[in-house]
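Colleague: attaching a predicted model along with its sequence, questions to come.
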Amino acid sequence: MARNLRISLYGEMRPFPYPTNGQDFPLILAPMAGVSEQPYRLLCRRYGADVVVSEFLSAEGLRRGSERTLEMAAFEAEERPIGIQIFGSDPRGMAEAAALVSEVFGPDFVDINFGCPVKKVVKRNGGSGCLKDLGLVEGIIRSVAAATWLPVTVKIRSGWDEETRDPVTIARRCRDAGARALTLHARSRTQMFSGAARWDEIAQVVEALDIPVIGNGDVNTAADVVRMRAHTGCSGVMIARGSFGNPWIFAEARALLAGEPAAAPPGAEERFRTALEHARLVIAIEGDTRRGAHEFRKHLGWYTRGLPGSADLRAQLHRVDTLAEVERLFADYLERTETMAAA
């Protein structure tokens, strides 16, 4: 089979418009504010993610030369293939942002965010707020596609609310406007992250479209990746919250997709080693700052989630200011658990 082509359960050949690390069924790290930053993207690529996407970036911030927004758009060659995701509600402004991103940073594709449900984004009709006006959605896609030579992809939800929920219509209009691949998070905006993602809707969009459709929503384990592919016939899976403190999910899912047994879940020592690897990437890229240490605390909580007797450890980790403190707390925990096991 040719590179970056796959046959869906519906028998159609669907080429990916961007590199997928040689995989016909790519596993993609989702764009997530405050999580899919450069250090975590690098880590997930090392641990098996085939494609990564930046945090979603404000088109206005890019156009105005916001130093912080431009920093968030930067990436290393090791992260490729990578997409930069932008959001906004003004077609002209989105086009200018896409042109800037393409010329200055040169990612493998530009993704448009029509899925973010956060109030401060949607109150300006950004993210999933655009889904209230599909004419606006089409206008944004056409403007962005005309402004860049890179493939333009989109990430959508199933609708603004339950009354207007119609993912097939939304997806078709995105495709007709120029989207060359589409990711569906099968929840409405008003659901936020509650309830269950309706995977049947992903299957319906797969059947309706002749471009790659990537499934997203309620992928919390490697087994969920396999179930989503079987249930929907999607062209790939985008993993979001299931990757929190769990970059191993990509390699585990790849093994299961190949019919191989996944590795045993990582124990405390491996989790700590990976957490420290992640922290050192943060320091190397962003510097060893107190602010950086505070922002990293959420990751420490995720890496230690579910470990035996770890409630006290997490409480202490949420007060750390330096990497040395983290290393000491990890060493103390391992020593205690070894002592208890030997008793």
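Modeller: Perfect, I can see it now.

Colleague: show me where pLDDT drops low in the stretch 51-200 of the chain?
Modeller: Within the stretch 51-200 of the chain, the segments meeting pLDDT under 70 span 115-126, 128, 192.

Colleague: residue ranges for the helices of it, please.
Modeller: Under the criterion DSSP state H, counting those that start in this stretch, the stretch 51-200 of the chain contains helices at 59-63, 67-73, 91-100, 119-122, 134-147, 167-177, 199-208.

Colleague: what lies in contact with the fifth one?
Modeller: Helix 134-147 has contacts (CB atoms under 8 Å, 6 or more residues apart in numbering) with 86, 88-89, 91-92, 94-96, 98-99, 102, 110, 112, 114, 125, 130-131, 152, 154, 169-170, 173-174, 176-179. The way it works is simple: take the backbone N, C-alpha and C, and place the C-beta from them, glycine included.

Colleague: how about residue 281: what's its closest non-neighbour residue?
Modeller: Leaving aside its chain neighbours, residue 281 sits nearest to residue 39 (3.8 Å; criterion: CB to CB, 6 or more residues apart in numbering).

Colleague: then residue 51?
Modeller: That would be residue 28: by CB to CB, 6+ apart, it lies 4.4 Å from residue 51.

Colleague: what of residue 326?
Modeller: residue 320 is the one closest to residue 326 (CB to CB, 6+ apart), at 5.4 Å.

Colleague: you'd agree that neighbour is in a helix?
Modeller: No - the assignment for residue 320, made by DSSP: H, G, I helix; E, B strand; the rest coil, is coil rather than a helix.

Colleague: OK, contacts around it?
Modeller: Contacts of residue 320 (CB under 8 Å, 6+ apart): 293, 297, 300, 326, 329.

Colleague: what's the local residue count around residue 225?
Modeller: 26 (other CB atoms under 10 Å).

Colleague: can I get stretch 298-308 in CSV, CA atoms only?
Modeller: The C-alpha coordinates for stretch 298-308 follow below in CSV (Å, rounded to 0.1, in the frame of the first residue of the first chain):
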residue,chain,number,x,y,z
LYS,A,298,-0.3,19.3,36.8
HIS,A,299,1.9,16.9,34.8
LEU,A,300,3.4,15.5,38.1
GLY,A,301,-0.1,14.8,39.3
TRP,A,302,-1.0,13.0,36.1
TYR,A,303,2.2,10.9,36.1
THR,A,304,1.6,9.7,39.7
ARG,A,305,-2.2,9.1,39.4
GLY,A,306,-3.2,5.7,40.4
LEU,A,307,0.0,4.7,42.1
PRO,A,308,-0.5,2.8,45.5
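
Colleague: in it, what's buried?
Modeller: Using 16 or more other CB atoms under 10 Å as the test for burial, stretch 298-308 gives 299-304, 307.

Colleague: for the most centrally placed residue in the chain, what are its contacts?
Modeller: Geometric centre of the chain, nearest residue: residue 30, 0.7 Å, by CA atoms, centre = their mean. Neighbour list for residue 30: 36, 53, 216, 238-240, 243 [criterion: CB under 8 Å, 6+ apart].
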